[in-house]
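Trainee: Any chance you can model this:
(2 chains)
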Amino acid sequence: MLECMEITKTYGKKTAVDQISLQFRPGKIYAMLGPNGSGKTTLMKMAVGLVKPNSGAFYYEGNPINRESRKKIAYMSTEPYFYTWMTVKDVGQYYADFFEDFSPEKYASLIQRMELSMDLRVKSLSSGMMAKLKIAVTMARQAKVYLLDEPLNGIDLLARDVIMRSVVEAAAPDVTLIISSHLVDELEQLVDAAVFIKNSHLIEVCEVEELRISRGQSVADRYREIYGHGGTERC
Amino acid sequence: MLKLIKYEFRKTFHSKLIILAFTALMELSFLAGVFLDWDKGLKIGITGLLLCATIGISYIGIESLMVFHRDLNTKQSYMLFLTPQNSYQILGAKVLENGISILLAGAFFAALAAIDWTIALLRIGGLQELLNLLKQLSITWRTEISLSPSTLLMAFFSALASWLMTVVTGYFAIVLSATILAGKKFSGLVSFVFFLLLLWASGMLLDRIPAQGDLYFWLLILGSLVIDAVMYVISCWIMERKLSV
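Mentor: Below you'll find the model as predicted:
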């Protein structure tokens, strides 16, 4: 299980994440929702140790995040981060060199499915192609936790279907998937729970099914309620 | 860690190839000068090879600092810090790759100089003739230096060790700027001043080595390596606790 306790991160005077405690359980797909600047990306980066919290901590299987946990947690950043001298093949080789759970066969198949080719240079990729490459290399790992930050950004409708399919294929009883996105409607069909973050604070974690049954709301309805003009939830 | 070293080498592969290509060009000019009695070619070759050696070795260190700065301050940092490696391994790979590159480049240029010197001696027909020729070409050579080949070699390698110490001090300054000074005003300037102060302090420390001759150079190399180790450990300790990329 991936969890954080009372985690806080500040950048100068700005608080990006404020005292958030959360648990992400295996076998579930989570949508992490919130407008730009709400703290989703910082929270994800703290989960893989890219960003160090000011207080509180992230834990995986009861242990603080460290190099061992990075063997089990796959993170896909929203920004491009590959070395520009690399080709698509080099990116796969790099992951194969560092991650024991990386499957070159699955990578090759995902690259084919994404309509990319191994000899393409990273610096020549369009933003859509780059997004496909990021998702392919991340999902080619057999990780226990996947953190996907805005995987559908800059992606056309057909490519979105391919990406969503890759994500669904990774779902398993011992796997946790956490996806941040603005495309609430598209995520709703996929996720088990939604995490709402607003102004650096955790507003609510709700089970999608329970939301439908007990409150008669969709995730999109709840999103509008929280973030819409005069949103009911204040923090 | 070997894999990290491999990728550190890949990052600087092209510039090393360019240095090598220039060196090969200058070597050709030197050989043409020697074998075709082409004075201008000989002069260009010798000057070019000296420049390739000094600028090449310096650039290997400077480029390593530029790469480390990029690795901490751009999104490419994720390539390193998402891998299951800790800061000691990540920076260790950089220090080792750079140390090995500087040493190999130094050894390569020293060997090339020895070979070229021998070729020139054999072809031109004696040391005095060679020195006369160099003098004619306006390349003055100080012949009064009375150092044994081993001392000369030790001096050369202690210079390489001092250069590596400068680079490792640079790593430390970059770590400070990306961690403790991150987001603060003039962080780049402050870390640069800190870099200069540390270099000055290290130099003062090494100047106090109470020995002469070969022993002095041995202790100089050892002292530089100890300072490297201390800077490395402190840098990694800070990175582990404070670095957000």
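Trainee: what residues does chain A put near chain B?
Mentor: Within reach of chain B by CB under 8 Å from any CB of the partner chain, chain A has these residues: A:11-12, A:45, A:48-52, A:66-68, A:70-71, A:75, A:77, A:79-83, A:85, A:94, A:97-99. The way it works is simple: take the backbone N, C-alpha and C, and place the C-beta from them, glycine included.
Trainee: Filter these down to the buried ones and hand me the PyMOL line.
Mentor: Buried members of these, defined by 16 or more other CB atoms under 10 Å in any protein chain shown, are picked up in PyMOL with:
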select buried, chain A and resi 45+48+49+50+51+52+67+70+71+75+77+80+81+82+83+94+98+99
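Trainee: Which ones among the residues of chain A next to chain B lie within strands?
Mentor: A:11, A:75 (DSSP state E).
Trainee: For the residue most central in space within chain A, list each beta-bridge partner.
Mentor: Closest to where the C-alpha atoms of chain A average out (CA atoms, centre = their mean) is A:L148, at 2.1 Å. On the basis of DSSP bridges, A:L148 is bridged to A:M76, A:I179.
Trainee: wait, it sits on A:I179?
Mentor: Yes - between A:L148 and A:I179 there is a contact under CB atoms under 8 Å: 4.7 Å.
Trainee: Show me what whichever strand or helix holds B:L17 is packed up against.
Mentor: In this assignment (DSSP states H and E), B:L17 forms part of helix B:13-35. In this structure, helix B:13-35 packs against helix B:39-73, helix B:87-124, with contacts taken as 3 or more CB pairs under 8 Å, 6 or more residues apart in numbering or on different chains; DSSP states H and E.
Trainee: Out of these, flag the one nearest chain A.
Mentor: helix B:87-124 (8.1 Å; CB to the nearest CB).
Trainee: Report the contact partners of the residue nearest to the centre of chain A.
Mentor: The contact partners of A:L148, by CB atoms under 8 Å, 6 or more residues apart in numbering or on different chains, come to A:76, A:135, A:138, A:167, A:177-180.
Trainee: any idea which of those is least confident?
Mentor: Across the contacts of A:L148, the bottom pLDDT score, 85, is held by A:V167.
Trainee: any idea how far that one is from chain B?
Mentor: The spacing between A:V167 and chain B, counted by CB to the nearest CB, to the nearest Å, is 19 Å.
Trainee: can you pull the buried residues of the regular element (helix or strand) spanning that residue?
Mentor: Assigned by DSSP H and E, A:V167 belongs to helix A:157-170. Under the neighbour-count criterion of 16+ other CB under 10 Å, helix A:157-170 has A:159, A:162-164, A:166-167, A:170 buried.
Trainee: what's the closest of those to A:D185?
Mentor: In terms of CB to CB, no member of those lies closer to A:D185 than A:M164, at 12.2 Å.
Trainee: Pull the number of nearby residues for A:G228.
Mentor: Using other CB atoms under 10 Å in any protein chain shown, A:G228 is surrounded by 10 other residues.
Trainee: hang on, the earlier thing: what's the overlap in contacts for A:L148 and A:I179?
Mentor: Common neighbours of A:L148 and A:I179 (CB under 8 Å, 6+ apart) are A:V167.
Trainee: which intervals of chain B have sub-threshold pLDDT?
Mentor: Within chain B, the ranges that satisfy pLDDT under 70 run B:126-128, B:130, B:133-149.
Trainee: So, low pLDDT: which residues of chain A?
Mentor: A:229-235.
Trainee: In it, mark out all the helices, start to finish.
Mentor: Using DSSP state H, the helices of chain A run over A:40-47, A:88-98, A:104-113, A:127-139, A:157-170, A:184-188, A:208-215, A:219-227.
Trainee: Next, the angle helix A:104-113 makes with the fourth one.
Mentor: Meaning helix A:127-139. 160 degrees (axes from the mean of the first three to the mean of the last three CA atoms, to 10 degrees).
Trainee: Who are the packing partners of helix A:127-139?
Mentor: Packing partners of helix A:127-139 (3+ CB pairs under 8 Å, 6+ apart): strand A:73-76, helix A:88-98, helix A:104-113, strand A:145-149, helix A:157-170.
Trainee: Show me the one of those that comes nearest B:S64.
Mentor: That would be helix A:88-98 among those, by CB to CB, at 19.6 Å.
Trainee: Show me what counts as buried in the closest one.
Mentor: In helix A:88-98, counting by 16+ other CB under 10 Å, buried: A:88-96, A:98.
Trainee: cool, stretch B:21-30 as well?
Mentor: So, applying 16+ other CB under 10 Å, buried residues of stretch B:21-30: B:22-23, B:26-27, B:29-30.
Trainee: For the helix holding A:V167, name the packing helices and strands.
Mentor: By 3+ CB pairs under 8 Å, 6+ apart, helix A:157-170 packs against helix A:104-113, helix A:127-139, strand A:145-149, strand A:176-180.
Trainee: Redo the ones you listed as CSV? Include distance to B:S64.
Mentor: Formatted as CSV, these follow (distance: least, CB to CB, whole Å):
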stretch, distance to B:S64
helix A:104-113, 30
helix A:127-139, 27
strand A:145-149, 31
strand A:176-180, 36
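Trainee: if we can go back for a sec, now do the helix holding A:V167 against helix A:104-113, angle only.
Mentor: 160 degrees.
Trainee: related to what we said a few turns ago, as a markdown table, the helices of chain A with distance to B:L121 would be great.
Mentor: Shown next, in a markdown table, are those (distance: least, CB to CB, whole Å):
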| stretch | distance to B:L121 |
| --- | --- |
| helix A:40-47 | 62 |
| helix A:88-98 | 47 |
| helix A:104-113 | 55 |
| helix A:127-139 | 57 |
| helix A:157-170 | 67 |
| helix A:184-188 | 77 |
| helix A:208-215 | 84 |
| helix A:219-227 | 82 |
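Trainee: So which of those helices is nearest B:L50?
Mentor: Short answer: helix A:88-98, nearest of these by CB to CB, at 36.3 Å.
Trainee: which helices and strands does the closest one pack with?
Mentor: Against helix A:88-98 (3+ CB pairs under 8 Å, 6+ apart) you get helix A:104-113, helix A:127-139, helix B:2-11.
Trainee: Any idea which of those gets closest to A:R215?
Mentor: Per CB to CB, nearest to A:R215 of the helices and strands packed on helix A:88-98: helix A:127-139, 32.4 Å.
Trainee: Could I get the buried residue list for the closest one?
Mentor: The neighbour-count check on helix A:127-139 (16+ other CB under 10 Å) flags A:129-139 as buried.
Trainee: and chain B, which of its residues are near chain A?
Mentor: B:3, B:6-7, B:10-11, B:14, B:75-79, B:81-86, B:183, B:241-245.
Trainee: Name only those of those residues that count as buried.
Mentor: B:7, B:11, B:76-79, B:81-86, B:243-245.
Trainee: the domain parsing of chain B - what is it?
Mentor: B:1-144, B:146-245 (automatic domain parsing).
Trainee: Between strand A:145-149 and the helix holding A:V167, find me the angle.
Mentor: Relative orientation of helix A:157-170 versus strand A:145-149 (the same axes, to 10 degrees): 160 degrees.
Trainee: and for helix A:157-170, what are the contacting residues?
Mentor: So helix A:157-170 is contacted by A:29, A:110, A:113-114, A:128, A:131-132, A:135-136, A:139, A:146, A:148, A:151-152, A:155, A:177, A:179, A:186, A:190 (CB under 8 Å, 6+ apart).
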